[in-house]
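1. Turn this into a model:
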Amino acid sequence: MPLMSCPCIALARLATVAVWLAIVGSAAARQPTPIAHGAELTARHVGPDAAGLSPVRQHAGGELQDGRDYPFARKIERGGIYDGFRVEGPHLLIERVFFTGPIDIYVRLPVIVRGVTIRTRTGAPWALHTRPEAGPVLILWSLMRADSPAGAPADRRNALSQALYLRSERVTVYRSHLTQAADGIQIHAPGARVIETLIDDLVYWDGDHNDGIQMLGRGTDAEIVRSRIVNPNPQTSALNLIGERVLVADSYLSGGGWTLYAGAHHTKRVPGSTKGVVIRGNVFGRDHFPKGGQFGPVTGYDGAGSGNDWSGNRWIDGAPINIGTPPPAPASPKR
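-> This is a model prediction of the structure:
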């Protein structure tokens, strides 16, 4: 019997094709829904479950130091591409792990945190901390939160001060959910990117000043795009930018005292003192306050700064938010 006409081989090939189609179909089902603007982003689009990466292991948390082995991290010897982000050379992969305590990253190798849940079961200063000496970090499809806000505001036993505390350069946060913390992200180093990420349900514990994202000191060369940031508290902000060369584009911002502190330090409002702050195409919501934030949508934008740009920003109903436009002159009294 000719080889090609053997029924068993034909059946085997059909089975192989069926398996291949199942794999392709499964992969296609996991493709992320395109996000054109942060106003479209919901909890369905972010975190481990949205990517089919529900955790399969549990650990208590801990530090990542150079030269050590960890039961929750794999050493990958070659570079690769994760969700469209290229990683050069050897790196550590932490994938599909549920942590009950914080992660502290010192290691100089690149670290990929993918499909990870950190749910701190007692009070903690952060869920994930990148130390100044750490290498590049990718945080993909992950969830960071306190286990419970019970007792807030007076009882801080469950308080999580920051979901992400970024003190190293070149950290990227993609399709992640940061919630049930006092602050979503604190950025203290250059090169942070926050892409298609949801920050919501910030919790006030006594002594906190809530910010969805707070950028201080060395927080330059940053990018915050197609994300949704909502602070239900009447202080401090959804987004607090005190830095230079920052792009905030196509995001949804709502809540806080002022929803956006737009670059100029509140104690140093010297015209031209901030540079490269581009705030473009964002939507400001009224989820918790009629003015966007308790006091209004934006303060501290430096229109005189070199490279600064405020354009295409609007309310949820489409009405433009213009900076520096003088109010209409009062009508002359009739004679």
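2. Check the spacing between the nearest residue to I316 once chain neighbours are set aside and S227 real quick.
-> Sequence neighbours aside, G285 is the residue nearest to I316 in space, at 5.0 Å (criterion: C-beta to C-beta, 6 or more residues apart in numbering). For glycine as for every other residue, the C-beta is placed from the backbone atoms N, C-alpha and C. Look at G285 and S227: by C-beta to C-beta, to the nearest Å, they are 13 Å apart.
3. and for these two, which residues touch both?
-> Common neighbours of G285 and S227, using C-beta atoms under 8 Å, 6 or more residues apart in numbering, are Y252.
4. Pick out whichever of those two has more residues nearby.
-> Neighbours per residue (other C-beta atoms under 10 Å) separate G285 from S227, with S227 holding more: 31 against 22.
5. tell me how far the ends of stretch 134-141 are from each other?
-> Using C-alpha to C-alpha, to the nearest Å, the end-to-end distance of stretch 134-141 comes to 21 Å.
6. circling back to that earlier point, shouldn't the residue nearest to I316 be in contact with G292?
-> Yes: with contact defined as C-beta atoms under 8 Å, G285 counts as touching G292 (6.9 Å).
7. any shared contact partners between these two?
-> By C-beta under 8 Å, 6+ apart, the residues touching both G285 and G292 are L253, S254, G255, W315.
8. If you rank these by neighbours, which is first?
-> Ranking the shared contacts of G285 and G292 using other C-beta under 10 Å puts L253 first, with 32 neighbours.
9. Can you name the residues that contact that residue?
-> Counting by C-beta under 8 Å, 6+ apart, L253 has contacts 38, 212, 229-230, 238-239, 259-260, 282-285, 292, 297.
10. and with 7 Å instead?
-> When contacts are counted by C-beta atoms under 7 Å, 6 or more residues apart in numbering, L253 touches I229, A238, L239, T259, L260, N282, F284.
11. will you turn those residues into CSV that also has distance to H59 and pLDDT?
-> Shown next, in CSV, are those (distance: C-beta to C-beta, whole Å; pLDDT from 0 to 100):
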residue, distance to H59, pLDDT
I229, 29, 98
A238, 32, 97
L239, 32, 97
T259, 37, 97
L260, 37, 96
N282, 38, 98
F284, 40, 98
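12. Go ahead and build a PyMOL selection from the buried members of those.
-> Buried residues among the contacts of L253 (16 or more other C-beta atoms under 10 Å), as a PyMOL selection:
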select buried, resi 229+238+239+259+260+282+284
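13. now the contacts of L253 in CSV, with secondary structure and distance to E196?
-> Listed next are the contacts of L253 as CSV, based on DSSP: H, G, I helix; E, B strand; the rest coil; distance: C-beta to C-beta, whole Å:
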residue, secondary structure, distance to E196
I229, strand, 12
A238, strand, 16
L239, strand, 15
T259, strand, 20
L260, strand, 19
N282, coil, 14
F284, strand, 19
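14. need the contacts of L253 in CSV with distance to D206, can you?
-> Supplementary listing: the contacts of L253 in CSV, determined by distance: C-beta to C-beta, whole Å:
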residue, distance to D206
I229, 23
A238, 21
L239, 23
T259, 23
L260, 25
N282, 31
F284, 29
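15. Got phi/psi on the closest residue in space to L216 that isn't next to it in sequence?
-> Leaving aside its sequence neighbours, L216 sits nearest to I242 (C-beta to C-beta, 6+ apart; 5.5 Å). I242 adopts backbone torsions of phi -130, psi 80, taken as degrees, to the nearest 10.
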